[in-house]
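Colleague: this is the structure alone, sequence omitted:
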């Protein structure tokens, strides 16, 4: 709490209790409603998962119900990401838009990676902010709210209590046949461009039995497909209860696939340096492991990869892909790329383009390098013009887009098995599901199929999705 004490204090004033806190309602008086929380999420799937847990914690402790209307919220939370450029400025811009809601007693909080990076500096710049908390302290939100009301000053907690948060989260509540489960926190790779180890801490794995218990619980609620989450999931090393043994990621995948009700297993994100032979062998043994892997390579030049401190060469990356395709010939590979890393030459970039040609990626997330404060790469000399970087990015994206389109067209006329997840995003009259290779397929079918695995014949390619007809046996 020392950071909060040093922060500039907001003007003290009594705060009303959460809406709906009254214990009795007089005759003729309006019925109290439950307090509402608005959560805006930025960044990776880990943040999406954390936002869901924030909602669970607040519902369990204080009865908060989620709302999509910030104007009616009693508590406003921004779950932030610091990976992209100018992330901090975007946060303060969003805070400025909701500042006026303080007049009616709304509380405002900033969580996630920007909160972890900036800490009490957020309160010094925006003294109307009530809560600042990191990814590892979201479970302390109810206690922070209580102290805010009692002490009439902002609360800051951006500590790294390792895996404590998972011991204090209420049982997962899910809606639909798919769910995400976090298996570890933090990252220990310290790539020269990445701020994550500084905002989420070192790698810490959840105990093996705890992960299995959570997945078994959501399977009982109807979940059929689970996605395991972590900054580097294949670095998972979970303690096995009652023994001195440690489960690696391959072991976890094998056991998760045996949980009753689970029909598919996905994960994100993996690291090429720790893509072990045991993990590759799991694709041969575990049928429920899908035909898709997101494997961020970041660059095709060994010189740039070394400067990034990635810990592998382009040849080693391609060797991993070859081994994967030896056991899963149709596996789809998606990746991440950084264009314009400081010192990248035209020749370096052409090596990236050659890697793309050699591997045949299905999809990618690619960005122009943006320096993150506090990382080693932020101080590197960069002489490449912004225009040149943008031209390289466009070339890269066009190449991978063309590869993805070709892969989609190759599936025309084939029968693909999908898990029907719910209504299509673009047409409520259709249903959507994903293939094992992570392609969205839209179909016209009865809503009774939601949550079911069905076979569909692909009839049309539509941009980044497919359309098909249900195959009737």
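Modeller: Received it, and whenever you're ready, just let me know what you need. Everything quoted here is computed from the prediction, not taken from an experiment.
Colleague: quick check: buried residues in stretch 404-416?
Modeller: Across stretch 404-416, burial judged by 16 or more other CB atoms under 10 Å covers 404, 407, 408, 411, 416. Where C-beta positions appear, they are placed from N, C-alpha and C, glycine not excepted.
Colleague: contacts for that stretch?
Modeller: Stretch 404-416 is contacted from outside by 332, 360-363, 435-437, 439, 441, 455-461, 464, 466, 468, 471, using CB atoms under 8 Å, 6 or more residues apart in numbering.
Colleague: and the residues you listed, which of them are buried?
Modeller: The neighbour-count test (16+ other CB under 10 Å) marks 332, 361-363, 435-437, 439, 441, 456, 458, 461, 466, 468 as buried among the contacts of stretch 404-416.
Colleague: can you redo these as CSV with distance to residue 345 and pLDDT?
Modeller: Below are the buried ones among the contacts of stretch 404-416 laid out as CSV (distance: CB to CB, whole Å; pLDDT from 0 to 100):
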residue, distance to residue 345, pLDDT
332, 31, 97
361, 22, 97
362, 28, 95
363, 27, 95
435, 39, 97
436, 39, 96
437, 35, 95
439, 36, 95
441, 42, 97
456, 46, 97
458, 42, 97
461, 37, 95
466, 39, 97
468, 45, 96
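Colleague: could I get the buried residue list for the lengthiest helix in the chain?
Modeller: Ranked by residue count, the top helix of the chain under DSSP state H comes out as helix 386-409. By neighbour count with 16+ other CB under 10 Å, helix 386-409 contains the buried residues 389, 392, 393, 395, 396, 397, 399, 400, 403, 404, 407, 408.
Colleague: and it, average pLDDT?
Modeller: Regarding helix 386-409, the rounded mean pLDDT is 97.
Colleague: ok, then the element right after it?
Modeller: The helix or strand immediately downstream of helix 386-409 is strand 415-423, counting by DSSP states H and E.
Colleague: residue 278 belongs to a strand?
Modeller: No: going by DSSP: H, G, I helix; E, B strand; the rest coil, the assignment for residue 278 is helix, not a strand.
Colleague: residues touching residue 423, list them.
Modeller: Residue 423 sits next to 430, 431, 432 when contact means CB under 8 Å, 6+ apart.
Colleague: so what pairs up with it in the strands?
Modeller: Taking DSSP bridges as the rule, residue 423 bridges to residue 431.
Colleague: and it, how far is that from residue 452?
Modeller: Using CB to CB, to the nearest Å, residue 423 is found at 15 Å from residue 452.
Colleague: so how many other residues sit close to residue 309?
Modeller: For residue 309, the neighbour count with other CB atoms under 10 Å is 14.
Colleague: try residue 180
Modeller: Residues near residue 180, counting by other CB under 10 Å: 20.
Colleague: what's the answer for the one 5 residues further on, then?
Modeller: For residue 185, the count of nearby residues is 24 (other CB under 10 Å).
Colleague: go ahead and confirm it touches residue 196.
Modeller: No: taking contacts as CB atoms under 8 Å, residue 185 lies outside contact range of residue 196: 10.5 Å.
Colleague: identify the contacts common to those two.
Modeller: residue 231.
Colleague: and the next element down the chain from the worst-scoring helix or strand of the chain on mean pLDDT?
Modeller: In the chain, no helix or strand scores lower on mean pLDDT, DSSP states H and E than helix 2-6, which sits at a mean of 39. Note on helix 2-6: by DSSP H and E, the next helix or strand toward the C-terminus is strand 36-41.
Colleague: thinking again about what came up before, got TSV for the buried residues of helix 386-409, with distance to residue 208 too?
Modeller: Below are the buried residues of helix 386-409 laid out as TSV (distance: CB to CB, whole Å):
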residue	distance to residue 208
389	44
392	43
393	41
395	44
396	39
397	39
399	41
400	36
403	37
404	36
407	35
408	38
